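> Kindly return the folded structure for what I paste below:
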Amino acid sequence: MSVTDAEILEFIQAQAHEILDADPAEVTPEVSLAKDFDADSIDVIEMASAAERRWDITIEDHEVYDLTCVGDFVHLIAGKVAASG
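Next up is the predicted model:
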């Protein structure tokens, strides 16, 4: 399965809107979900779980804790999708 960074970012924007009530236009690769949108670890894990379901991948909780910005989240998901074939 192939997925672009733009598709992943759009997915994260939709999840941030649903879970954090964030304006999708403000969810850019440079922002921090925790600092800029007050996301806690449960919120981010919920978003990761949605990505797991969407792309049939596995994201370990500890991988989510290392994310510093939305761009990191995009790259994590992209790497997992690429590795899954």
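
> which residue ranges form the helices in the protein?
Per DSSP state H, the chain carries helices over the ranges 5-20, 33-37, 41-55, 61-65, 70-84.

> If you average pLDDT over each of those helices, which is lowest?
If the helices of the chain are sorted by mean pLDDT, helix 61-65 sits at the bottom with a mean of 91.

> Check which helices and strands that one sits against.
The contact analysis (3 or more CB pairs under 8 Å, 6 or more residues apart in numbering; DSSP states H and E) places helix 61-65 against helix 41-55. Where C-beta positions appear, they are placed from N, C-alpha and C, glycine not excepted.

> Mind exporting the C-alpha coordinates of the helix it packs on to CSV?
Output of helix 41-55 as CSV, limited to C-alpha atoms (Å, rounded to 0.1, in the frame of the first residue of the first chain):
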residue,chain,number,x,y,z
SER,A,41,-0.9,11.0,25.8
ILE,A,42,-4.3,9.4,25.7
ASP,A,43,-5.4,11.7,22.9
VAL,A,44,-2.3,11.0,20.8
ILE,A,45,-2.6,7.2,21.4
GLU,A,46,-6.2,7.5,20.3
MET,A,47,-5.0,9.1,17.1
ALA,A,48,-2.4,6.5,16.7
SER,A,49,-5.0,3.8,17.1
ALA,A,50,-7.1,5.3,14.4
ALA,A,51,-4.1,5.3,12.1
GLU,A,52,-3.5,1.6,13.0
ARG,A,53,-7.0,0.8,11.9
ARG,A,54,-6.9,3.0,8.8
TRP,A,55,-3.6,1.5,7.4
